[in-house]
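Undergrad: The following block contains a protein sequence and its predicted model.
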Amino acid sequence: MLKKSYISGVASYLPSKVITNDDLAKFVDTSDEWIFQRTGIKQRHISEGESCADLAYKSAKMAIDNSGIDINDIDGIVVATATTDVRFPAVATYVAGRLGIDCYAYDISAACAGFIFGLNVADNAIKLGQSKNVVVVGVDLFSKLVDWKDRNTCVLFGDGSGAVVLSSCEEEDDYGIFSTHIYSSGKNADLLKSYEIGKIGLHMNGKAVYKFAVKSMGDSIIDALKYNNMDKKQVDWVVPHQANLRIIESVANYIDFDMDKVIVSLQNHANTSAATIPLAMDSAIRDNKFKSGDILALTAMGSGFSWGSCLLKWK
Ligand code: UT7
């Protein structure tokens, strides 16, 4: 019997300390007006002593609780992150240890697109019958990476984590993931990158990233629709990577999609890199937006450049 996967649980976690745009303007040459007009961001959450593994564990545990799946039935944990606490072992192994379970656990590195890449490997493992329940976490703490004196970059980011549990269902079930599509373009690798390990700060060609983000996220949704012989009119919700409201609006414009059906949560948490999609999904669930049978198109783009999409029917 052929299998596919569906999202059985979602959760997210933001550290309690909030830094508003006005707070930032006290120590870097910027303003609430500039940040809000250019990005739509109002505030970000910053970890005070909580590690990448702490944040990942919290959202993973809540996602498992929300899924109703017995924790001992989790077969694997995949953590997408660019901000690990140590070079090894993987953050995912700490999450497994804190959860008290033995299962395969590894990290993947695809920056802001990492959560979509995580869905891709977990979905494939379930389709192949290798796994029944896989936790996919997106977690990043850019607060420890950015140069807080560089106004070009520090205003954009925040810390957070989000997780889903992907569970196995039958091919004929009327819900679940239709497809995932992932892409990279290494010739753009230097346009958005951290400084060498040990150095604080990151290099970003903001305008090039902006342009590429709009086209790549838009095209990845169009590819997913074509692959599944579906039309954008069938899509109920687009859940895009939350980096900049102007980018999100431009993606909606590029694919000719109504902004009322695009999930936006970045005003509350800024760009949390791999965590933005599950954070946005969790906020939409709290707002009772997703109904059974809704078609969701998730898309993200980030450093690499790497990007991708996931098309699914909500259970
Ligand atoms: O997940 C991917 C992560 N990265 C991104 O998503 C970044 C994508 N790019 C962007 O979001 C936008 O390019 C930015 C928000 C980064 C910048 O917006 P922009 O409209 O492209 O602004 P700009 O680069 O043209 O900068 C305009 C001005 C510059 O001043 P001058 O040279 O015109 O005098 C900057 O120095 O704004 C200045 N500026 C700031 N001013 C106040 C740059 N950052 C700030 C700041 N506060 N924080």
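TA: That came through fine. Numbering: from 1, shown residues only.
Undergrad: So which residues on this protein come close to the ligand?
TA: 30, 34-35, 38-39, 112, 151-152, 155, 204, 206-207, 209-210, 213, 243-244, 271, 302 (Cβ under 6 Å from any ligand atom). To be clear about C-beta, it is placed using only N, CA and C from the backbone, and glycine gets the same treatment.
Undergrad: Any regions of this structure where pLDDT drops low?
TA: Judged against pLDDT under 70, the chain has no low-scoring part.
Undergrad: can I see the domain layout of it?
TA: The record's domain parsing of the chain by automatic domain parsing lists 3-170, 176-313.
Undergrad: Reformat those domains as JSON lines; add mean neighbour count.
TA: Shown next, in JSON lines, are the domains of the chain (neighbours: other Cβ atoms under 10 Å):
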{"stretch": "domain 3-170", "mean neighbour count": "21"}
{"stretch": "domain 176-313", "mean neighbour count": "19"}
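Undergrad: surely I108 meets G118?
TA: Yes. If you go by Cβ atoms under 8 Å, I108 and G118 touch, sitting 5.9 Å apart.
Undergrad: shared neighbours, the two?
TA: V78, V79, A80 (Cβ atoms under 8 Å, 6 or more residues apart in numbering).
Undergrad: Look up which helix or strand I19 falls in, please.
TA: strand 17-20 (DSSP states H and E).
Undergrad: ok, which stretches of the stretch 201-315 of the chain are strands?
TA: Ranges of strands in the stretch 201-315 of the chain, per DSSP state E, counting those that start in this stretch, are 202-204, 237-240, 295-302, 306-313.
Undergrad: Now distance to D174 too, for those strands, in TSV please.
TA: As requested, the strands of the stretch 201-315 of the chain are exported to TSV (distance: least, Cβ to Cβ, whole Å):
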stretch	distance to D174
strand 202-204	42
strand 237-240	17
strand 295-302	12
strand 306-313	7
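Undergrad: Report the contact partners of K42.
TA: K42 neighbours (Cβ under 8 Å, 6+ apart): T20, N21, D32, F36, Q267, N268.
Undergrad: typo on my end, S303
TA: Taking Cβ under 8 Å, 6+ apart, one finds A82, A111, C112, A189, L192, K193 in contact with S303.
Undergrad: For the ligand, state which of these is nearest.
TA: C112 (3.8 Å; Cβ to the nearest ligand atom).
Undergrad: ok so the closest one is a strand residue?
TA: No. Residue state for C112 (DSSP: H, G, I helix; E, B strand; the rest coil) corresponds to helix; a strand is not indicated.
Undergrad: correct me, but it touches F305?
TA: No. Assessed by Cβ under 8 Å, C112 is found out of contact with F305, at 9.5 Å.
Undergrad: which outside residues touch the strand holding I19?
TA: D32, K42, Q43, R44, H45, I46, S47, E48, G158.
Undergrad: For A105, see how far away Y254 is.
TA: Y254 sits 37 Å away from A105, going by Cβ to Cβ, to the nearest Å.
Undergrad: thinking again about what came up before, of all the strands of the stretch 201-315 of the chain, which one is nearest L128?
TA: For those, the distance to L128 is smallest for strand 306-313, at 17.3 Å, taking Cβ to Cβ.
Undergrad: Direction included, what does that closest one pair up with?
TA: Under the criterion DSSP bridges, strand 306-313 sits next to strand 176-184 (antiparallel), strand 295-302 (antiparallel) in its sheet.
Undergrad: Turn the ones you listed into JSON lines, including distance to L311.
TA: Formatted as JSON lines, the strands paired with strand 306-313 follow (distance: least, Cβ to Cβ, whole Å):
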{"stretch": "strand 176-184", "distance to L311": "5"}
{"stretch": "strand 295-302", "distance to L311": "5"}
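Undergrad: That'll do, ta.
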